[in-house]
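**Q** Structure, please.
(2 chains)
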Amino acid sequence: MDHNFLSVQGLSKRYAAGAPPVFEQVSFGIDRGEFVCVIGHSGCGKTTILNVLAGLEAASDGVVIMDRREIKGPSLDRGVVFQSHALMPWFSVLGNVVFAVRSRWPDWPRAKAEEHARRFIAMVGLKGAEHKKPSELSGGMKQRVGIARAFSIEPKMLLMDEPFGALDALTRGVVQDELLKICAATGQTVFMITHDVDEAILLADKIFLMSNGPQACIAEVVINTLPKTRSREAMHHDPQFYRIRNHLVDFLVHRSRQIQAAQASGVPRPPTRIVMPGLEQAVA
Amino acid sequence: MPARHLGWRAALISLLLLAALLMVWHFATLPQEGAASAAQDEYAKLMGKSSGAAKRDGFPGLAQMGETIRKELANPFYDNGPNDKGIGIQLAYSLGRVGLGFAIAAVVAIPLGFLLGMSPLMQRALNPFIQILKPISPLAWMPLALYTIKDSSISGVFVIFICSVWPMLMNTAFGVASVRRDWLNVAKTLEVSSLRRAFLVILPAAAPTILTGMRISMGIAWLVIVAAEMLVGGTGIGYFVWNEWNNLSLTSVIFAILVIGVTGMVLDLIFARLQRLVTYVE
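**A** Numbers count the residues shown, from 1 in each chain, chains lettered A, B, ... in the order given. Okay, the predicted model is just below:
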């Protein structure tokens, strides 16, 4: 596990001393350039894991190592896209992104920071909207600004907490396509939480499936067996698509609960399975 | 009903109300013919004073009011000595004191409010002091101020300060403490320094609340200056009211009251404007 770019070992979070932990013994590794999605029911601690990775929360147990250094607190190396865009309403679109750019490179002159920001605003398809205030934007546009802001600091890793949860299906599709293009171009390492199975299959190289909380864990790691050149319009024609999708949905409907029940009744935790639906199955 | 029609209708009703008030005033102050005034005329003749003197008993009528208003507004900046200055000069002195006291209060309240908003520990520690000092009336501060400071003008400014500091302090503390955690998290993940965070995130986020506090404080400061000046004397609109009352010149008193009201309204409008500038839509 030590050769991974990001390595999480034995992570667990307990909110109250006597109560069972939300999740425990969570261990995984992410390589540079990988896009990882985490799927699980509400209450399994996905957002908490993301907050620990972002440095906004501290875990009760375990350690997170990124680029051979332990994570202690928030850092510009880990950019975050929040679920509720969290744009600052007193800055314009450009102002919000420039705020991030100048936090990263405080020595840059204003013109250089603005030009850098404009590049990323154009990358998310918002060229021309730089001087609008967030209140003048639609939900999808606001989320795109949040993504531009996170990308503009060129972080080593991007953390996204259900970034498209508040968007309607059509807008979601558009922004997903943008994200796919950007990640292909920049080779960004991404850790994303989502509820949308199709979105995970479209975007992710690896999908972590979490069992239900409390005492949640990463039950399975699903390798995405679709070719990298997949697109939203055509991927459902690939025979692998429905094999992966069925596997994910079966997990969410049945196995996530079964695993949690087994945990609660004291059965020792099985090791995380690595699964390649439709090809071969292997136990880690 | 479109907004512009609402504006016209409201203006019409306001004018009708004004006309009604003026009419009531006029009819209430018509000269009373009766035994009482006849007796007064007799007494005046006995004492060798001319009857129908320029000073009339009772509440001034509209005509007299109009006369006074015209006279005062015609020459607002005359200066005939320490006790006889134009309304413009009186107003200027009062506004000067208010401005100074308010400015000092802002310089103290806003940074202190920032500190209290950021530190729950300091908030709780200072809270008893704030709660005890807050309800004390400006007039109760006057004797202490005059005894310690000895200068009546500075005492006036001090009293303005001590009474207008509280709304600004509490509103600033509240505004700073209730900045949305999302924005603070963004600042954290961007490793923003404390100073940048204070000026670029916390201050703009809390600005509407802070300005509400300033607007309330300004209203209080204007109330206080009139009362303080009545007590302390010197040049100022409050003392003008008191002086004219001692001269039994009710028209001047009423005129001064109107000026105080209009000035208060203008000050409030200025702050309402400033408030609109910093308001943001979430």
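
**Q** The closest residue to A:G95 other than its chain neighbours: what's it in contact with?
**A** The shortest distance from A:G95 to any residue other than its chain neighbours is 7.7 Å, reached at A:M88 (C-beta to C-beta, 6 or more residues apart in numbering or on different chains). Every C-beta, even on glycine, is put in place using the N, C-alpha and C of the backbone. If a contact means C-beta atoms under 8 Å, 6 or more residues apart in numbering or on different chains, then A:M88 has A:95-96, A:99, A:134, B:183, B:186, B:201, B:204-205 as its contacts.

**Q** What helix or strand is B:L277 located in?
**A** Per DSSP states H and E: B:L277 is located in helix B:250-278.

**Q** do the same with B:W166
**A** helix B:152-177.

**Q** Tell me if I'm right that B:V232 and B:I154 touch.
**A** No: using C-beta atoms under 8 Å, B:V232 makes no contact with B:I154, being 10.2 Å away.

**Q** and B:A205, how many neighbours?
**A** When neighbours are defined as other C-beta atoms under 10 Å in any protein chain shown, B:A205 has 22 of them.

**Q** ok so, going back, pick out whichever of B:V232 and B:I154 has more residues nearby.
**A** For B:V232 versus B:I154, the count of surrounding residues by other C-beta under 10 Å is larger for B:V232: 21 against 16.

**Q** Could you check how far the more buried one is from B:I149?
**A** Distance of B:V232 to B:I149, computed by C-beta to C-beta, to the nearest Å: 11 Å.

**Q** Between these two, which contacts overlap?
**A** B:S155.

**Q** hang on, A:Q143 packs against A:A166?
**A** Yes: counting by C-beta under 8 Å, A:A166 is a contact partner of A:Q143 at 7.2 Å.

**Q** which one of these two has more residues nearby?
**A** A:Q143 (27 against 15).

**Q** for that one, phi and psi?
**A** When read as degrees, to the nearest 10, the backbone of A:Q143 gives phi -70, psi -40.

**Q** Ok, A:R69 next?
**A** Phi and psi for A:R69, reported as degrees, to the nearest 10, are phi -130, psi 140.

**Q** Likewise for A:V64?
**A** Note on A:V64: backbone dihedrals following degrees, to the nearest 10 are phi -120, psi 130.

**Q** what does A:R273 give?
**A** On the backbone of A:R273 - angles per degrees, to the nearest 10 - the values are phi -90, psi 140.

**Q** Quick check, pLDDT for the closest residue in space to it that isn't next to it in sequence.
**A** Counting by C-beta to C-beta, 6+ apart, A:E220 is the residue found nearest to A:R273 once chain neighbours are left out, at 4.9 Å. You'll see A:E220 listed with a pLDDT of 90.

**Q** A:E220 pairs with what?
**A** Following DSSP bridges, A:E220 is listed with bridge partners A:L209, A:R273.

**Q** contacting residues for it?
**A** A:E220 is in contact with A:208-209, A:251, A:272-275, counting by C-beta under 8 Å, 6+ apart.

**Q** Please apply the same query to A:V98.
**A** If you count contacts by C-beta under 8 Å, 6+ apart, A:V98 has them with A:91, A:110, A:113-114, A:117.

**Q** ok, those residues vs B:M122, which is closest?
**A** The closest of the contacts of A:V98 to B:M122 turns out to be A:F91 (C-beta to C-beta; 29.4 Å).

**Q** What distance do you get for that closest one to B:L200?
**A** For A:F91, the distance to B:L200 - C-beta to C-beta - is 8 Å.

**Q** what's the answer for A:R269, then?
**A** 46 Å.

**Q** now A:P270
**A** A:P270 sits 49 Å away from B:L200, going by C-beta to C-beta.

**Q** what does B:E282 give?
**A** On the measure of C-beta to C-beta, B:E282 and B:L200 end up 17 Å apart.

**Q** And the two? Which one has more around it.
**A** B:L200 (19 against 8).

**Q** Surely that one forms part of a helix?
**A** Yes: the assignment for B:L200 is a helix, going by DSSP: H, G, I helix; E, B strand; the rest coil.

**Q** wait, isn't it in contact with A:R102?
**A** No: counting by C-beta under 8 Å, B:L200 does not reach A:R102; the two are 9.4 Å apart.

**Q** for residue 22, what are its contacts?
**A** The chain I'm using is chain A. By C-beta under 8 Å, 6+ apart, the residues touching A:V22 are A:13-15, A:43-45, A:48, A:213-214, A:216.

**Q** that's the other chain; I wanted chain B
**A** B:L62.

**Q** Distance check, it against B:G99.
**A** 34 Å.

**Q** what's the answer for B:L267, then?
**A** Per C-beta to C-beta, B:L267 is found 10 Å from B:G99.

**Q** Same drill for the two, tell me which one is more crowded.
**A** Per other C-beta under 10 Å, whichever of B:L267 and B:G99 has more neighbours is B:L267, with 19 against 15.

**Q** Contact partners for that one?
**A** B:218-219, B:222 are the contacts of B:L267 under C-beta under 8 Å, 6+ apart.

**Q** can you do 6 Å?
**A** B:M218 (C-beta atoms under 6 Å, 6 or more residues apart in numbering or on different chains).

**Q** Return the helix or strand in the chain with minimum mean pLDDT.
**A** Answering for chain A, as no chain was given. strand A:281-283 (a mean of 46; mean pLDDT, DSSP states H and E).

**Q** Correction: the question concerned chain B.
**A** Result, chain B / mean pLDDT, DSSP H and E: helix B:35-46, a mean of 69.

**Q** Is B:G175 in contact with B:T209, as I believe?
**A** Yes: with contacts counted by C-beta atoms under 6 Å, B:G175 reaches B:T209, the gap being 3.1 Å.

**Q** Report the spatially nearest residue to the residue nearest in space to the middle of chain B, omitting neighbours in sequence.
**A** Taking C-alpha atoms, centre = their mean, the centroid of chain B lies closest to B:W222, which sits 2.1 Å from it. What sits nearest to B:W222 in space, not counting adjacent residues and going by C-beta to C-beta, 6+ apart, is B:G264, at 4.9 Å.

**Q** Surely that neighbour and B:L223 touch.
**A** No: assessed by C-beta under 6 Å, B:G264 is found out of contact with B:L223, at 7.9 Å.
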